[in-house]
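Student: show me the folded form of this:
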Amino acid sequence: MGRRRELTLHCALCIAEAKLTASRHCYFGSLHTSWLIKEIINKIICRLLLAMACLCLANISWATVCANSTGVAEDEHYDLSNIFNSTNNQPGQIVVLPEKSGWVGVSAICPPGTLVNYTYRSYVTNFIVQETIDNYKYMQLHDYLLGAMSLVDSVMDIQFPPQNYIRMGTDPNVSQNLPFGVMDSRLIFRLKVIRPFINMVEIPRQVMFTVYVTSTPYDPLVTPVYTISFGGRVEVPQNCELNAGQIVEFDFGDIGASLFSAAGPGNRPAGVMPQTKSIAVKCTNVAAQAYLTMRLEASAVSGQAMVSDNQDLGFIVADQNDTPITPNDLNSVIPFRLDAAAAANVTLRAWPISITGQKPTEGPFSALGYLRVDYQ
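Tutor: Below you'll find the model as predicted:
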């Protein structure tokens, strides 16, 4: 919580204008009045200045940042599991999650010194609005999804966040340093599919909106009152099995440690040849002749390479033409097409490289990546 003086700039401006007025009057007096009249005018102006300063001070109010009454911001969570099926898992489809019709159950409290009984609410996000449909502001929440929300306040009716400093209703507890309800209800979460899912996708829990309550539209947004989050394990009927469910393994045997340092960063050691694997793809509930892509996901990445458990070493995975597939890049893919039986074979090539150019510690090294199939 925090507070600051409001209208400080206004007071300074007010006094400055009064001083300017005084100088103008003095100049007028020096030209057209006697010395006595000028003194009288100056005294009147001084009294006027004092009155104006008092008026400015009387209008100073304490602007306040409110907090959750429990001291901890609460979270309103949306589980995206079991939301999608073969019908709505299509590009452009908008899926409306079940409405959270009740009050969010959050109370806020404003600090001592709050002089008003109304508040402002702000719904802040780190996501970027991509498009607006029927007042809903859709943001890209994931590689596959856009998301948007609406909610209803007991006084201001329906709102479409993100939005800052929405003037809400009044409550006598606001100025009494007592808890009052943050009356958000009827939360509606909409998802728009921009890329259909295949198999299972894990969406980590993320905050969509952070909600702040303040007493003026100028207060800093620093103390969250509650958050709105989403996440879940999305599984859909459209399924593709790779390599009959078996791990695709590239084994390069023993390689001299000095060969990596001699090769330099990003290069394959001399005498080590790329290995080639054919990956069988078999899909279910995916149309025959469908155009798909294969891409690579990994937790440790350096440029186009997967970094191994030896930080000096890594692996490049490439297509049949030795064009590397950059891990975790949606645009770095191998395109392919299913046959009449909804099956295909995709060629992968891989080779080890030096990541740092330094001589690595001797011993086994390995890296783990995941192949993901998507619709084109």
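
Student: mind listing the helices for the stretch 201-350 of the chain?
Tutor: Assigned by DSSP state H, counting those that start in this stretch, the helices in the stretch 201-350 of the chain fall at 257-263.

Student: where along it do the strands fall?
Tutor: Secondary structure of the stretch 201-350 of the chain by DSSP state E, counting those that start in this stretch: the strands cover 226-235, 239-242, 275-284, 291-298, 301-302, 305-307, 313-318, 334-337, 343-354.

Student: which helices and strands sit right next to the third one?
Tutor: In other words, strand 275-284. strand 239-242, strand 291-298, strand 343-354, strand 369-375 (3 or more C-beta pairs under 8 Å, 6 or more residues apart in numbering; DSSP states H and E). Where C-beta positions appear, they are placed from N, C-alpha and C, glycine not excepted.

Student: in the last one, what's buried?
Tutor: Buried residues in strand 369-375, counted by 16 or more other C-beta atoms under 10 Å: 369, 371-375.

Student: let's have those residues in a markdown table, adding pLDDT and distance to residue 66.
Tutor: Shown next, in a markdown table, are these (pLDDT from 0 to 100; distance: C-beta to C-beta, whole Å):
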| residue | pLDDT | distance to residue 66 |
| --- | --- | --- |
| 369 | 94 | 47 |
| 371 | 94 | 49 |
| 372 | 94 | 44 |
| 373 | 95 | 48 |
| 374 | 94 | 45 |
| 375 | 92 | 46 |
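
Student: closest to residue 246 among the residues you listed?
Tutor: residue 371 (11.9 Å; C-beta to C-beta).

Student: OK, contacts around the closest one?
Tutor: 242, 248, 279, 294-297 (C-beta atoms under 8 Å, 6 or more residues apart in numbering).

Student: same check, this time on residue 201
Tutor: Here residue 201 is in contact with 142, 144, 233-234 (C-beta under 8 Å, 6+ apart).

Student: count the neighbours of the residue found closest to residue 291 once you drop the neighbours it is linked to in the chain for me.
Tutor: Excluding its sequence neighbours, the residue lying closest to residue 291 (C-beta to C-beta, 6 or more residues apart in numbering) is residue 376, at 4.2 Å. When neighbours are defined as other C-beta atoms under 10 Å, residue 376 has 11 of them.

Student: give me the domain ranges for the chain.
Tutor: Following automatic domain parsing, the chain resolves into domains at 3-60, 63-235, 240-375.

Student: mean pLDDT lowest for which of those domains?
Tutor: Among the domains of the chain, domain 3-60 carries the lowest mean pLDDT, at a mean of 39.

Student: just checking, residue 291 touches residue 337?
Tutor: Yes - with contact defined as C-beta atoms under 8 Å, residue 291 counts as touching residue 337 (5.3 Å).

Student: closest to residue 71 out of the contacts of residue 371?
Tutor: residue 297 (39.2 Å).

Student: chain neighbours aside, what residue packs nearest to that closest one?
Tutor: residue 370 is the one closest to residue 297 (C-beta to C-beta, 6+ apart), at 4.4 Å.

Student: could you count how many residues lie near the closest residue to residue 231 other than its chain neighbours?
Tutor: Excluding its sequence neighbours, the residue lying closest to residue 231 (C-beta to C-beta, 6+ apart) is residue 205, at 3.5 Å. Residue 205: 12 surrounding residues under other C-beta under 10 Å.

Student: with residue 145 instead?
Tutor: Neighbour number of residue 145 under other C-beta under 10 Å is 23.

Student: quick one: residues contacting it.
Tutor: By C-beta under 8 Å, 6+ apart, the neighbours of residue 145 are 191-194, 203.

Student: cool, residue 75 as well?
Tutor: 207, 226-229.

Student: in what helix or strand does it lie?
Tutor: strand 74-79 (DSSP states H and E).

Student: give me the sheet partners of that strand and which way each runs.
Tutor: Sheet pairing of strand 74-79 (DSSP bridges) gives strand 226-235 (parallel).

Student: now do the strand it pairs with: distance to the chain's middle.
Tutor: 13 Å (C-alpha atoms, centre = their mean, to the nearest Å).

Student: go on, stretch 174-182?
Tutor: 30 Å.

Student: distance from stretch 93-101 to the middle of the chain?
Tutor: 20 Å.

Student: what comes up buried for that stretch?
Tutor: Quick answer for stretch 93-101 (16+ other C-beta under 10 Å): 95, 97, 100.

Student: tell me the one among those residues nearest to residue 110.
Tutor: residue 100 (25.5 Å).
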